[in-house]
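**Student:** can't give you the sequence, but here's the structure:
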């Protein structure tokens, strides 16, 4: 795993170097310098709302917690810590998930089977809403006169790949493939050593079946909040592009944000999406705004926001004595 981390980091840095070589650093720096502290504070406010919408989307899928502001605040903090670790580890959308489950178990006595199932359900809602979000962007791209045929083809392929992955992800839950795999594994010698893990998988699958049978409306509600999350990403990008002196229309901001999210999703294995976010913004802004420098400047503002947010999140984690090393054993043994 250590070598994997290094390899993924090298890939990200290589992408970042490529982006920097395409850009005019002097012009980008002038654009970024013009932004005031108060304007940067606005970026953080929008991002906090973005985070809040995602936390509520997760809250809706948790059977064992109340739908109130107190729990929304708790999940907001838990998500901050988990996402910070997601951003600094390889397999970026997965690294912090055990930490979220562990925090809910140790601080609020939420069973690991409940938190584990809810995390997957929330991810499902997020991915379904992302498909809708990107599909709307694709319709906008296909009708956009300033985009080339190759841009439209790439967007179509990206959406098809995203839809395929979401369908596979959903079928794994709906058909209880985890339980099937666990049952087969349980008949082997290896399975005898993984009794608790197999029981955990089966418990999570039971949670999926119960949720999809009795709480379909809550899944739709979770998707609605997840869509609000993606739309707030559009708002943030629209605001940032205005700050650096290159405002775009709302629909163009939607297209750019959708392209960024597609590429970041595909490059989930790169820690913090280093290079992927910058490259996506550079390509999209070059196509829609006529300059790669605009995209790199916007990426720089977002990267600054992200680093500060991660720093604050890790400080909170340190105050709560959280680390992957501390989490590893409890997650493996609790709820057994």
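**Tutor:** Cool, got the structure. Here the structure is a predicted model, which means the values were calculated and not measured.

**Student:** ok, the closest residue to residue 158 other than its chain neighbours to residue 283 distance?
**Tutor:** Using CB to CB, 6 or more residues apart in numbering and skipping residues adjacent in sequence, the residue nearest residue 158 is residue 262, 4.6 Å away. For glycine as for every other residue, the C-beta is placed from the backbone atoms N, C-alpha and C. Taking CB to CB, to the nearest Å as the measure, residue 262 falls 11 Å from residue 283.

**Student:** Compare these two (neighbour count), which wins?
**Tutor:** Each of residue 262 and residue 283 has its neighbours counted (other CB atoms under 10 Å); residue 262 has more, 23 against 20.

**Student:** The more buried one: which element?
**Tutor:** helix 250-266 (DSSP states H and E).

**Student:** dump the residue contacts of the residue nearest to residue 158.
**Tutor:** With contact taken as CB atoms under 8 Å, 6 or more residues apart in numbering, residue 262 is in contact with 134, 158-159, 162, 280.

**Student:** and which of the residues you listed is nearest to residue 248?
**Tutor:** Nearest to residue 248, judged by CB to CB, of these is residue 280 at 15.2 Å.

**Student:** Correct me if wrong: that closest one contacts residue 255.
**Tutor:** No. Here residue 280 does not reach residue 255: they are 11.6 Å apart, not a contact under CB atoms under 8 Å.

**Student:** Common neighbours of those two, please.
**Tutor:** Common neighbours of residue 280 and residue 255 (CB under 8 Å, 6+ apart) do not exist.

**Student:** that older thread, and of the contacts of residue 262, the nearest to residue 150?
**Tutor:** Nearest member of those to residue 150, counting by CB to CB, is residue 158, at 12.4 Å.

**Student:** per-residue confidence at that closest one?
**Tutor:** Predicted confidence (pLDDT) for residue 158: 74.

**Student:** And the helices in the stretch 1-150 of the chain, which stretches?
**Tutor:** According to DSSP state H, counting those that start in this stretch, the stretch 1-150 of the chain carries its helices in the segments 2-22, 25-33, 37-60, 69-88, 97-108, 112-142, 149-174.
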